[in-house]
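In: coords please:
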Amino acid sequence: MTDTVWIRSATNPADGRAACLLQWGPVHALLEPDTVLNTARDLMAAAAHAESDIALIRFFRSGLKLDMTTIGHMVRAIRAERPAPTGKTALRIEAVAGAKTGLPYVHVARGSMKGELSPDEARAMAGHWTQAAVAAQTDVRLRYVLGEYPQLTPHDIGSIFSQLQEVQR
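Out: Numbers count the residues shown, from 1 in each chain. Presented below is the predicted three-dimensional model:
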């Protein structure tokens, strides 16, 4: 990918609820943890679909000796039978089988930004997105608990979270 996609835990400044901050080139978005988790799920699924599509293409080509036009129609028909993911996601995600390269890819996009990942890179990205969503939910709970201690000022609590974010990187 040309630019790195960054995701990190945050809180929504408007209401203090759990959120995740997405930064990718000029794209910046504050996302709900459920959206981030849906995106992670879809990244994992796309990685598996891309790999299975390549396996099907190889089998159709070498095992059944089919031509690429027929194989293309069959792979598209198989993809159409896959259940559509549900829930809002932060990225457009597509499993791709490189017919010329014979390699699986996962394409991701948001706004003007686009990228191509290997299945392993997509899985690693899904792990980071899952961690960010869980951390955001935990951070909100921890802020609430720390707020119950009168000896800690809002500045103290903010400093604690600044240090946690530095460790998280």
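In: neighbours around Arg92, how many?
Out: If you count neighbours by other Cβ atoms under 10 Å, Arg92 ends up with 12. In short, each C-beta sits where N, CA and C put it, glycine included.
In: What's opposite it in the beta bridge?
Out: For Arg92, the beta-bridge partners under DSSP bridges are Ala109.
In: Was I right to think it contacts Ser112?
Out: No - checked against Cβ atoms under 8 Å, the pair Arg92 and Ser112 is beyond contact range at 12.0 Å.
In: From Leu142, how far off is Gln151?
Out: Shown here: Gln151 relative to Leu142, a distance of 16 Å by Cβ to Cβ, to the nearest Å.
In: what about the two, which has more around it?
Out: Between Gln151 and Leu142, Leu142 has the larger neighbour count (other Cβ under 10 Å), namely 15 against 5.
In: to the chain's geometric centre, what's the distance from the helix or strand hosting the more buried one?
Out: Using DSSP states H and E, Leu142 sits within helix 119-147. Computed by Cα atoms, centre = their mean, to the nearest Å, the chain-centroid distance of helix 119-147 equals 12 Å.
In: Show me what it is packed up against.
Out: Secondary-structure packing of helix 119-147 (3 or more Cβ pairs under 8 Å, 6 or more residues apart in numbering; DSSP states H and E): strand 6-11, strand 18-24, helix 33-58, strand 104-110, helix 154-168.
In: Make TSV out of these and add mean pLDDT and mean neighbour count.
Out: Below are those laid out as TSV (pLDDT from 0 to 100; neighbours: other Cβ atoms under 10 Å):
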stretch	mean pLDDT	mean neighbour count
strand 6-11	92	19
strand 18-24	97	22
helix 33-58	97	21
strand 104-110	97	22
helix 154-168	82	12
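In: Minimum distance to Ser118: which of those has it?
Out: Nearest of those to Ser118, taken as Cβ to Cβ: strand 104-110 at 6.9 Å.
In: which residues does Leu37 contact?
Out: Counting by Cβ atoms under 8 Å, 6 or more residues apart in numbering, Leu37 makes contact with 129-130, 133.
In: do that again at 10 Å, thanks
Out: Residues near Leu37 by Cβ atoms under 10 Å, 6 or more residues apart in numbering: 20, 31, 87, 89, 126, 129-130, 132-134, 137.
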